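> sequence-free structure coming up:
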Ligand code: HAM
């Protein structure tokens, strides 16, 4: 029988690797709650139109990368490629928003994008997300960036490169789009890649984000959005920068930073880590004030970010597993049942450890005990079974091996 292969770009996480994910999640839980965020869990499957309407039809994510399929009643469903759209849908569904109220949510979980898999890029990957609803103020954007930095520092990442931009708003962006369109016209359209020629019509800002070297060169002198911001956007952006400066958080202004999702307005940012080597984005986010309304909710400002957990996991050292308290070695098959019951009593008292299921030679059992890293090896053979005793061998100190009543060992825990 041929074995069933896992799906390309999907990854199994065995305990050593999964421990890194648990570590990141508990650090995020701890830090985000200090900033007033609560956990929200949303489904991995949503109606396709949710992502089309929010992320944008012309983005790579929606155009090329979604896992979309019909359900049994021929309704189009999509495995979420990101969390923001679902969190917004849930927020609108919950009808919890009232004017002036601020809501803060974080969420963890798997996301799905049909990209070409490579190191740090998978088709199922995991994100840590944070979103703030109901706060149009620049302080909310700055708070998010400070929280993101605190989190990354806490888990041990210090060589960070924060890129910051403002994408303007619905007031000032049309004039900027026109300036960009005029600029592209001044260059020969045929010199741009096919995607960019299309983007010039649908979303001229996205051309700035193209990774094709020829396009990158052509946009090098393109007008900068930051020179076209309206008064309110300028004030907003200045406040974000002032807070970050005050906190001593270093960032680089990048007027070409547009992000791959269409919902952003004003502040947007990306964080790369030099620890990875190349400048790979470990997190990105920004403000998306219009999205709640677009998806059928009321007027409510929104801002947030997402962290790519696989990219962080690449940078984390192996997390030391805690040494188990005991290894219970059964050296006579007759004692196997009693050993299992004794191990259960140890675990009921809060100890951790493994028990060998059947009988085996002392030598092989001691090898297993050593390998397990247990603090003590408990031995149960025929004599211990008959006398209700247990032989205790200290694996870390130099205490002498002793055989004592099982009840005495239990009483000493
Ligand atoms: P994003 O920039 O598309 O933003 O994704 C955020 C992070 O997810 C990236 O910086 C990267 O670390 C990770 N990531 C993305 N695709 C993959 C992949 N195929 N494999 C591994 N990691 C990946 C968003 O998703 C927005 N929803 C962020 C946001 C929240 N904006 C506002 N609120």
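Structure's in. What do you need? No experiment lies behind these values; they were computed from the predicted model shown. Numbering: from 1, shown residues only.

> and residue 232, how far from the ligand?
Using C-beta to the nearest ligand atom, to the nearest Å, we find residue 232 at a distance of 21 Å from the ligand. For every residue, glycine as well, the C-beta is placed using N, CA and C.

> ok, that residue touching residue 166?
No: Residue 232 sits out of contact with residue 166 when judged by C-beta atoms under 8 Å, with a separation of 10.8 Å.

> settle it for me: which of the two has more neighbours?
Remark: of residue 232 and residue 166, residue 166 carries more neighbours, 29 against 13, as counted by other C-beta atoms under 10 Å.

> now do the phi/psi pair for the more buried one.
Torsion angles at residue 166 (phi, psi; degrees, to the nearest 10) stand at phi -120, psi 130.

> grab the nearest non-local neighbour of it.
Excluding its sequence neighbours, the residue lying closest to residue 166 (C-beta to C-beta, 6 or more residues apart in numbering) is residue 237, at 4.1 Å.

> need the pLDDT of residue 302.
Residue-level confidence at residue 302 comes out at 98, pLDDT.

> what bridges to it?
When bridges are assigned using DSSP bridges, the partners listed for residue 302 are residue 133.

> my guess is residue 368 contacts residue 356. True?
Yes: under the criterion of C-beta under 8 Å, residue 368 makes contact with residue 356 at 6.4 Å.

> what's the overlap in contacts for these two?
In the contact map built from C-beta atoms under 8 Å, 6 or more residues apart in numbering, the residues linked to both residue 368 and residue 356 are 327, 329.

> compare the two and say which is more crowded by neighbours.
Set side by side, residue 368 and residue 356 show unequal neighbour counts under other C-beta under 10 Å, the larger going to residue 356 at 21 against 15.

> check the gap between that one and residue 331 for me.
Residue 356 sits at a distance of 9 Å from residue 331 (criterion: C-beta to C-beta, to the nearest Å).

> a helix runs through the residue nearest to residue 166, doesn't it?
Yes: in this structure, residue 237 lies within a helix as judged by DSSP: H, G, I helix; E, B strand; the rest coil.

> how about the residue of the stretch 301-413 of the chain found nearest the ligand, what does it touch?
With C-beta to the nearest ligand atom as the measure, the residue in the stretch 301-413 of the chain that lies nearest the ligand is residue 308; the distance is 2.1 Å. Under the criterion of C-beta under 8 Å, 6+ apart, the neighbours of residue 308 are 120, 125-127, 281-283.

> with residue 27 instead?
Contact partners of residue 27, counting by C-beta under 8 Å, 6+ apart, are 151, 154-155.

> with pLDDT, neighbour count and distance to residue 72 added, can I get the residues you listed in a markdown table?
Putting those into a markdown table (pLDDT from 0 to 100; neighbours: other C-beta atoms under 10 Å; distance: C-beta to C-beta, whole Å) gives the following:
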| residue | pLDDT | neighbour count | distance to residue 72 |
| --- | --- | --- | --- |
| 151 | 97 | 22 | 41 |
| 154 | 95 | 13 | 45 |
| 155 | 94 | 16 | 42 |
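
> which one among those residues gets closest to residue 201?
Here the nearest of the contacts of residue 27 to residue 201, counting by C-beta to C-beta, is residue 151; it sits at 39.4 Å.

> can you show me the helices along the stretch 301-413 of the chain?
Secondary structure of the stretch 301-413 of the chain, counting by DSSP state H, counting those that start in this stretch: helices at 309-313, 336-348, 362-372, 382-387, 406-411.

> those helices into JSON lines, with extra columns for mean pLDDT?
Supplementary listing: the helices of the stretch 301-413 of the chain in JSON lines, determined by pLDDT from 0 to 100:
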{"stretch": "helix 309-313", "mean pLDDT": "94"}
{"stretch": "helix 336-348", "mean pLDDT": "97"}
{"stretch": "helix 362-372", "mean pLDDT": "94"}
{"stretch": "helix 382-387", "mean pLDDT": "96"}
{"stretch": "helix 406-411", "mean pLDDT": "97"}
